[in-house]
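Colleague: need a structure here:
(2 chains)
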Amino acid sequence: MTSGLLRRVATLPFMLLAVASLIFAIMHALPGSMIESLSAQFVSDAQRVRLMAGLGLDQPLWRQYLVYLNSLAHFDFGISAQTGKSVATMIGETLPVTMEMAGASFVVMTVCGLGAALIAVHAADGPADVAIRLLSIILSTLPWFWLGLVLIMIFSLWLGWLPSFGRLPPSIDYRPVTNFVMIDAVILGRPDLIGPWISHLVLPSLTVGLTSSGVVMRLVRSEILATMKKEFVLTARMKGIGANRIFLRHILRNAAVGIMTVLGAQFGAMLGGSVVAEVVFGYPGIGRMLVRAIESRDYLTVQGAGIAIAALYILVNFMTDLACLYANPRLRDGVWS
Amino acid sequence: MHRLTPFAMPVVLPWTILGLYLAVAILAPYIAPADPLAATGAPLSPLFGSSGILGTDGFGRDVASRLIWGLRPMLAVSFGAVFLATLAGGAYGLVAGGIGGRTDWLMMSVVDVMMSIPLILAAILVMAALGGSVINLIISVGISQIPVFARLARALASVEARKEYVLAARAVGLSRFHVLVREILPNIVRPLLVQAGSVVATAGLTAAALSYLGLGVRPPAPDIGYMVKEGQELIFIAPGQTLLPGLVLGVFALTAALCGETIGQERRR
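Modeller: Residues are numbered from 1 along each chain as shown, chains lettered A, B, ... in the order given. As a prediction, this is how the structure comes out:
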């Protein structure tokens, strides 16, 4: 009587614990670790000892690990050496920004990827199909951070249509409440925020969304084509069901789980891509915070940002699994019995 | 396998381009018109000008020479990281799948954990801990690709391990090591190579992204990814400084992906 859903929920804390441990291991165990490079900056031994003690690094490793886990459980990521703010606060400020951008990129990826795949399926082996397959390989091998710069050149420098840097123009007075601009615009009654917010979001999300859509086009196309060859499609046709109805109700419905799995898996790749894209566009998300923290050897911030990004990724994967369970009754059977 | 290319593409074309990249990288000292580290002309000389056919960068260094020398870290990391990942991931998966049981479960749980971090985040963190150099780039990009190969090798090996020839080999008393390496390994090596061919482009792009973030090859050493970053600062006055290295990188990634595809086609025949 094991429930697949419950089992999936139960693995979640273990997954988070394991990833937190992995990040701890990377930060502490590797040769030439952050801590060594951190203390290398300090000339005097006294300074060095004080710094190590301040971060608890003079303790034995197992003890550091326990302290680390304990503070994670209280959402305490320490104090940033660079800004003097608590890392948890910084994550709270930057993670919503990244989620906004990842969400917008996801929309771009899904619309372009699914749209192109549907066109390709309908024109299978025709010129449109060939063009889309070619496009999909070019998109998936395009250096995405470079594409961002090319888009800046075209749409910001030459055409002057879109801003190239930041999240909102500095002229706008924005005091965040939730850090999600969309929600804050509603709470604060500030519809003037939305226009500039979207115009700043267009180029980064196009950059990340387009380059991730290449893989989606290819996989969704072959997923739908494979479903079309199944016998139940033949049966439906023999029963005299119209072609459109077969496509929407029979083929797409059955391909949905495969499509959602592809989209979910790509979301993870996209999240990684947006870390770099944030640096390209000076977008104040958690990726830019991570890279800046590495530059200034602010190791608690690096650790906190790493955990936050990984946790977001795990949650997205979890939600993908739930969506697949919802979409496919055959998977659910095994779950509830 | 999902076919990347829609038409029967001449196999020769991508392999020729890839060969050219390799040849230029290897022959860099003889081909490069100037010292990639020395200022040879006025900063930002134009294309086809007196100082080099591709002009000079913001420091007056010859762009053509920097691109040619920059191929070396790019190719070394792309192929080195995939080589490392194939070897380490393949061996790991072979042992897990070949032995099976609890060992398998435990080993693959570790891989599941590694898979639950976005690939580039893992590479960024490892790079931050190790510091920037070509060798460290190979290690960090390689590590981030290991889980993929481990899973593939494990899936293939556990199928093979149940086949009769393995049973026979064990029945005649061959050692576990012998069964894994001499019996199972030869039967799973080809799909692993196909997978290796398909991720060279990804490895190259990841490495370039790390260099772009300033975590890769240390300046002033020439590197394609870092050239894109340097070009970004000059984007208003000299867009070519960004466009050229990006094109060199993009063509390499596309070519590598197409070549990887031909390895897969050969397998199907």
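Colleague: need the residues of the stretch 201-337 of chain A near chain B, please.
Modeller: Neighbours of chain B within the stretch 201-337 of chain A, by C-beta under 8 Å from any C-beta of the partner chain: A:218-219, A:222, A:268-269, A:271-273, A:275-276, A:279-280, A:290-291, A:294-295, A:302, A:306, A:309-310, A:313-314, A:317. (C-beta placed from N, C-alpha, C; glycine too.)
Colleague: if you look at the residues you listed, which of them are in helices?
Modeller: A:218-219, A:222, A:268-269, A:271-273, A:275-276, A:279-280, A:290-291, A:294-295, A:302, A:306, A:309-310, A:313-314, A:317 (DSSP state H).
Colleague: ok, the residue nearest in space to the middle of chain B to A:Cys112 distance?
Modeller: Nearest residue to the geometric centre of chain B (C-alpha atoms, centre = their mean): B:Ser78, 2.4 Å. Distance of B:Ser78 to A:Cys112, given as C-beta to C-beta, to the nearest Å: 27 Å.
Colleague: Ok, A:Ile294 next?
Modeller: Noted for A:Ile294: a distance of 32 Å to A:Cys112, by C-beta to C-beta.
Colleague: what do you get for B:Ala64?
Modeller: For B:Ala64, the distance to A:Cys112 - C-beta to C-beta - is 36 Å.
Colleague: same check, this time on A:Lys85
Modeller: In terms of C-beta to C-beta, A:Lys85 sits 38 Å off from A:Cys112.
Colleague: And for A:Leu17?
Modeller: Taking C-beta to C-beta as the measure, A:Leu17 falls 37 Å from A:Cys112.
Colleague: more neighbours, the two?
Modeller: Taking neighbours as other C-beta atoms under 10 Å in any protein chain shown, A:Leu17 and A:Cys112 compare with A:Cys112 leading, 20 against 14.
Colleague: distance of that one from chain B?
Modeller: The spacing between A:Cys112 and chain B, counted by C-beta to the nearest C-beta, to the nearest Å, is 18 Å.
Colleague: what does A:Ile194 give?
Modeller: To chain B, A:Ile194 is 28 Å away according to C-beta to the nearest C-beta.
Colleague: what sits against the residue lying closest to that residue once chain neighbours are set aside?
Modeller: What sits nearest to A:Ile194 in space, not counting adjacent residues and going by C-beta to C-beta, 6 or more residues apart in numbering or on different chains, is A:Ala185, at 5.3 Å. With contacts defined as C-beta atoms under 8 Å, 6 or more residues apart in numbering or on different chains, the neighbours of A:Ala185 are A:Pro191, A:Leu193, A:Ile194, A:Trp197.
Colleague: hmm, try it at 10 Å
Modeller: By C-beta atoms under 10 Å, 6 or more residues apart in numbering or on different chains, the residues touching A:Ala185 are A:Tyr174, A:Pro191, A:Asp192, A:Leu193, A:Ile194, A:Gly195, A:Trp197.
Colleague: what's the pLDDT at it?
Modeller: Looking at A:Ala185, its pLDDT stands at 74.
Colleague: do the same with A:Ala327
Modeller: We have a pLDDT of 73 for A:Ala327.
Colleague: what do you get for the one 3 residues further on?
Modeller: At A:Arg330, the model reports a pLDDT of 66.
Colleague: same question, B:Ile139
Modeller: At B:Ile139, the predicted lDDT confidence score is 90.
Colleague: For it, pull up the helix or strand it's in.
Modeller: helix B:134-161 (DSSP states H and E).
Colleague: Alpha carbons of stretch A:124-132, as CSV, please.
Modeller: Taking C-alpha atoms only, stretch A:124-132 is exported to CSV below (Å, rounded to 0.1, in the frame of the first residue of the first chain):
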residue,chain,number,x,y,z
ALA,A,124,6.1,16.6,-41.4
ASP,A,125,9.1,16.3,-43.7
GLY,A,126,8.0,19.4,-45.7
PRO,A,127,10.1,22.5,-46.0
ALA,A,128,8.7,24.0,-42.8
ASP,A,129,9.6,20.9,-40.9
VAL,A,130,13.1,20.9,-42.3
ALA,A,131,13.5,24.6,-41.5
ILE,A,132,12.3,24.1,-37.9
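Colleague: Please state the offset of it from the chain centre?
Modeller: Relative to its parent chain, stretch A:124-132 has a centroid offset of 30 Å by C-alpha atoms, centre = their mean, to the nearest Å.
Colleague: same check, this time on stretch B:53-63
Modeller: Its chain's C-alpha centre and that of stretch B:53-63 lie 27 Å apart, by C-alpha atoms, centre = their mean.
Colleague: does any bit of it sit next to chain A?
Modeller: No. Stretch B:53-63 stays clear of chain A (C-beta under 10 Å from any C-beta of the partner chain), getting no nearer than 15.5 Å.
Colleague: Can you point out the buried residues in that stretch?
Modeller: Under the neighbour-count criterion of 16 or more other C-beta atoms under 10 Å in any protein chain shown, stretch B:53-63 has B:Leu54, B:Gly55, B:Thr56, B:Asp57, B:Gly60, B:Arg61, B:Asp62, B:Val63 buried.
Colleague: Equivalent analysis for stretch B:153-167, please.
Modeller: In terms of neighbour count (16+ other C-beta under 10 Å), stretch B:153-167 has its buried residues at B:Ala153, B:Arg154, B:Ala155, B:Leu156, B:Ala157, B:Ser158, B:Glu160, B:Ala161, B:Val166.
Colleague: same thing with stretch B:246-260?
Modeller: Those would be B:246-250, B:252-260, for stretch B:246-260 by 16+ other C-beta under 10 Å.
Colleague: Show the buried residues in the contacts of A:Ala185.
Modeller: Buried members of the contacts of A:Ala185, scored by 16+ other C-beta under 10 Å, are A:Tyr174, A:Leu193, A:Trp197.
Colleague: which one is residue 153 nearest to, not counting chain neighbours?
Modeller: Because you didn't say which chain, this covers chain A. B:Pro239 (5.4 Å).
Colleague: look at chain B instead
Modeller: Excluding its sequence neighbours, the residue lying closest to B:Ala153 (C-beta to C-beta, 6+ apart) is B:Gly93, at 2.7 Å.
Colleague: Which of the helices or strands spans the closest residue to B:Ala155 other than its chain neighbours?
Modeller: Setting aside the residues directly before and after it, B:Ala155 is nearest to B:Gly97 in space (C-beta to C-beta, 6+ apart), at 6.8 Å. For B:Gly97, the element it lies in under DSSP H and E is helix B:63-99.
Colleague: That helix vs helix B:134-161, what angle?
Modeller: Relative orientation of helix B:63-99 versus helix B:134-161 (axes from the mean of the first three to the mean of the last three C-alpha atoms, to 10 degrees): 30 degrees.
Colleague: what comes up buried for helix B:63-99?
Modeller: Using 16+ other C-beta under 10 Å as the test for burial, helix B:63-99 gives B:63-82, B:84-86, B:88-99.
Colleague: Show me what it is packed up against.
Modeller: Here helix B:63-99 touches helix B:12-26, helix B:28-31, helix B:101-115, helix B:134-161, helix B:176-178, helix B:185-212, helix B:224-233, helix B:240-268, going by 3 or more C-beta pairs under 10 Å, 6 or more residues apart in numbering or on different chains; DSSP states H and E.
Colleague: Out of those helices, flag the one nearest A:Met90.
Modeller: A:Met90 sits nearest to helix B:185-212 of all those, at 22.8 Å, using C-beta to C-beta.
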